[in-house]
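Chemist: Could you look at this predicted model? Sequence included:
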Amino acid sequence: MFELLGVPPQALFGQLLLGLINGAFYAMLSLGLAVIFGLLNVINFIHGAQYMLGAFAAWGLANYLGLGYWWALLIAPIAVGLSGMAIERLLLRRLYSVDHLYGLLLTFGIATIIEGVFRQRFGSSGQAFSIPAELAGGHNLGFMFLPNYRAWVVGVSLTVCLATWFLIERTRLGSTLRAATENARLVQAFGINVPRMILLTYGFGVALAALAGVMAAPIYQLSPLMGTNLIVVVFAVVVIGGMGSILGSVVTGFGLGVIEGFTKVFYPEASNTVIFVIMAIVLLIKPAGLFGQTR
Amino acid sequence: MNKIAFAAALLLAVLAPYAVYPVFLMSALCFAIFACAFNLLIGYVGLLSFGHAAYFGFASYVTAVAVKRWGFEPLLGILLGAGAAGLLGLVFGALAIRRQGIYFAMITLALSQMVFFYALQAKWTGGEDGIQAVPRRALFGLFDLTGETAMYYFVLAIFLLALALIYRTIHSPFGQVLKAIRENEARAISLGYEVDRYKLLAFVLSAAIAGLGGGTKALVTHIASLTDVQWQMSGEVVLMTLVGGMGTVLGPAVGAFVIVMMQNYLATTGEWVLVIQGVIFVVTVLAFRRGIVGEAIARWHLYRSRRALRAARAAAPGPADAPPSAAPPG
């Protein structure tokens, strides 16, 4: 078998695929963060915990109610999204009039509570969640083996991201949303219920995180800590991409996932830190982020 | 009044090791240094660094190596740790101040995570094990610090030094400019201040003082480990500062004592400590944003102004209280 850049192609494409999967999650999570930030001006620190909640909701539905993966895909985002809306309505809303940093601190506190409860209940060890039968197995593409579930994850993530882009950039609802992002007061003066819009937007962003969590449940270690470490990387992704554009965060998410995959092949020691290094470089060259506008 | 309170607090601090377990006091003091350093940024420049554990933890590694492997004298080891943290702060600060507000918080967090992974993988930090059995040695080669009481006074001295440094900084012209940046950055720029240089200097100072706390902690607890570079530690220092009172000189120290005490009491309850810390976070942010010391100061001012007003009224009815006079104007 031939070699590419001194690495067997199976290993290379295998890592590339893993990178693409990680990228799918980065894209979905940073998309949710960007949508929320656009309207609320709050960085949702609970995002990682909500992703974890989505995964545990899938696990709970399967273990306690006997509902499988497909039900979880529907129920978990709705349930977690609703819980997010409750948080917005009862807590976050009180802080819009003070410095935005307090919003960050509040969400950090809530994330700590959620994680603490789950760590108390489940410890730090992982739970098992199997790939649904319909998506088991895989295809041999000649140069590599492609598990069906992984192809599904990338496909769903792309679809969700594109749908969100379409919703926000191409529909009437989206144009109202973008207008409210620019100037919420003016939009409210036109008779649009902005607080309700904020509520729904937050719920939507949270549901995206939970959906990512359900999709992650079969392939990643299902543990209370799964969101914590991911969210810091996603923050770096957001800084690199800038939160100005939807497509920007999707492209950045997938791109960084792939770069991380490549790093695992060629210089594994740096695979944990490569995204942070890229962030530092981007900050030096284009502080607003690759797709961001300064504001 | 302030002087009496300060003297009383000092006396209390000097006598404390005879009443309270010194190791607890010392670790609380280390966190107090850490929180005061963090407060220099959030309270006086308005910069929320969410990765301050990087400087605290990195310094504790450097101090541990210097004292244990290179045989450094303890104070020199701690200063070396603080210097290393300051250098790290120079690099990270230069990157982070390129963005404002929430981005600043995210960038500092991400950069600190880089330090965490470095500490996890590098050989000299001992990975998961950390650096254990760090000796305390003798101060200047003369005063043995192995005993807890001797070590306590050494730590207390370092804390007072750090506090004095911070107090001098915020009450200097430099500190005035920092506060101006906090209040209105655009205005400070338009007045001709090179805001970025002020921010960077404050950042370096804060990182170095955080390192002072971290290095001291390595000697107090005999260990430098991943716990101190984790980003959860960055969250804890935010909590301490918030609970004690952001933007007050002593608030963060009070907050550090409260949180460390709580962690000690709840150490046996497992992860509930996390939950309770989260609840305190939420409640403080929603309803108690001034913190313990901030609230006390506000109450004191309110009391004083009311008393002054009442005294003024009792002495001579002011024009506001006087019945409207019927005298024609002019």
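Modeler: Done, it's in. Numbering: from 1, shown residues only, chains lettered A, B, ... in the order given.
Chemist: Going by C-alpha atoms from here, please, whenever you check contacts or count neighbours.
Modeler: Noted.
Chemist: who touches the host helix or strand of residue A:254?
Modeler: Element membership of residue A:254 [criterion: DSSP states H and E] is helix A:246-266. The contact list for helix A:246-266 (C-alpha atoms under 8 Å, 6 or more residues apart in numbering or on different chains) reads A:7, A:11-12, A:15-28, A:30-31, A:34-35, A:161, A:165, A:237-238, A:240-243, A:270-272, A:274-275, A:290-291.
Chemist: Same question for stretch A:140-152.
Modeler: Stretch A:140-152 is contacted from outside by A:9-10, A:13-14, A:21, A:131, A:135-139, using C-alpha under 8 Å, 6+ apart.
Chemist: at 6 Å instead, please
Modeler: For stretch A:140-152, the external contacting residues (C-alpha atoms under 6 Å, 6 or more residues apart in numbering or on different chains) are A:10, A:135, A:137-139.
Chemist: May I have the secondary structure class of residue B:136?
Modeler: Secondary structure assignment for residue B:136 (DSSP: H, G, I helix; E, B strand; the rest coil): coil.
Chemist: where does it land on pLDDT?
Modeler: Confidence at residue B:136, expressed as pLDDT, is 81.
Chemist: List buried residues within the contacts of helix A:246-266.
Modeler: Neighbour-count burial (16 or more other C-alpha atoms under 10 Å in any protein chain shown) is assigned, among the contacts of helix A:246-266, to A:12, A:15-28, A:30-31, A:34-35, A:161, A:165, A:237-238, A:240-243, A:270-272, A:274-275, A:290-291.
Chemist: Return the subset of those residues lying in helices.
Modeler: A:12, A:15-28, A:30-31, A:34-35, A:161, A:165, A:237-238, A:240-241, A:274-275 (DSSP state H).
Chemist: Now residue B:159: closest residue in space that isn't a chain neighbour?
Modeler: Counting by C-alpha to C-alpha, 6 or more residues apart in numbering or on different chains, residue B:159 lies nearest to residue B:33, which is 5.9 Å off, once chain neighbours are set aside.
Chemist: wait, the one you found sits on residue B:212?
Modeler: No: using C-alpha atoms under 6 Å, residue B:33 is not in contact with residue B:212; the gap is 7.5 Å.
Chemist: what bits of chain A have low per-residue confidence?
Modeler: Residues of chain A meeting the criterion pLDDT under 70: A:1-7, A:244, A:293-295.
Chemist: Can you check my assumption that residue A:191 lies in a strand?
Modeler: No: counting by three-state DSSP, residue A:191 falls outside a strand, being coil.
Chemist: And it, how far from chain B?
Modeler: According to C-alpha to the nearest C-alpha, to the nearest Å, residue A:191 and chain B sit 29 Å apart.
Chemist: residues contacting that residue?
Modeler: For residue A:191, the contact set (C-alpha under 6 Å, 6+ apart) is empty.
Chemist: and it, what are its phi and psi?
Modeler: phi 90, psi 20 (degrees, to the nearest 10).
Chemist: Could you see whether chain B lies near the helix or strand residue A:10 falls within?
Modeler: Assessed by DSSP H and E, residue A:10 sits inside helix A:9-40. No: Helix A:9-40 lies out of reach of chain B by C-alpha under 6 Å from any C-alpha of the partner chain, never closer than 10.0 Å.
Chemist: I would like the residues contacting the next helix or strand after that helix, please.
Modeler: Next helix or strand after helix A:9-40 toward the C-terminus (DSSP H and E): helix A:47-64. Helix A:47-64 is contacted from outside by A:67-68, A:72, A:76, A:111, A:209-210, A:213-214, A:217, A:227-228, A:231, using C-alpha under 6 Å, 6+ apart.
Chemist: want to try a markdown table for those residues, with neighbour count as columns?
Modeler: Shown next, in a markdown table, are the contacts of helix A:47-64 (neighbours: other C-alpha atoms under 10 Å in any protein chain shown):
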| residue | neighbour count |
| --- | --- |
| A:67 | 15 |
| A:68 | 16 |
| A:72 | 24 |
| A:76 | 26 |
| A:111 | 22 |
| A:209 | 32 |
| A:210 | 34 |
| A:213 | 31 |
| A:214 | 29 |
| A:217 | 27 |
| A:227 | 23 |
| A:228 | 21 |
| A:231 | 22 |
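Chemist: Pipe the residues you listed into CSV and attach secondary structure per row.
Modeler: Output for the contacts of helix A:47-64, formatted as CSV (three-state DSSP):
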residue, secondary structure
A:67, coil
A:68, coil
A:72, helix
A:76, helix
A:111, helix
A:209, helix
A:210, helix
A:213, helix
A:214, helix
A:217, coil
A:227, helix
A:228, helix
A:231, helix
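Chemist: Also near chain B: which of the residues you listed, exactly?
Modeler: Among those, no residue is within reach of chain B (C-alpha under 6 Å from any C-alpha).
Chemist: Look up how far residue A:218 lies from the nearest residue to residue A:258 once chain neighbours are set aside.
Modeler: In space, and not counting its chain neighbours, residue A:258 is closest to residue A:19: 4.4 Å by C-alpha to C-alpha, 6+ apart. Residue A:19 sits at a distance of 17 Å from residue A:218 (criterion: C-alpha to C-alpha, to the nearest Å).
Chemist: Write out the residues of the stretch 51-200 of chain B neighbouring chain A.
Modeler: Proximity of the stretch 51-200 of chain B to chain A, by C-alpha under 6 Å from any C-alpha, involves residues B:106, B:110, B:114.
Chemist: change it to 10 Å
Modeler: Residues of the stretch 51-200 of chain B lying close to chain A (C-alpha under 10 Å from any C-alpha of the partner chain) are B:92, B:94-118, B:121-122.
Chemist: what is the orientation angle of the helix holding residue A:10 with helix A:47-64?
Modeler: Interaxial angle, helix A:9-40 versus helix A:47-64 (axes from the mean of the first three to the mean of the last three C-alpha atoms, to 10 degrees): 110 degrees.
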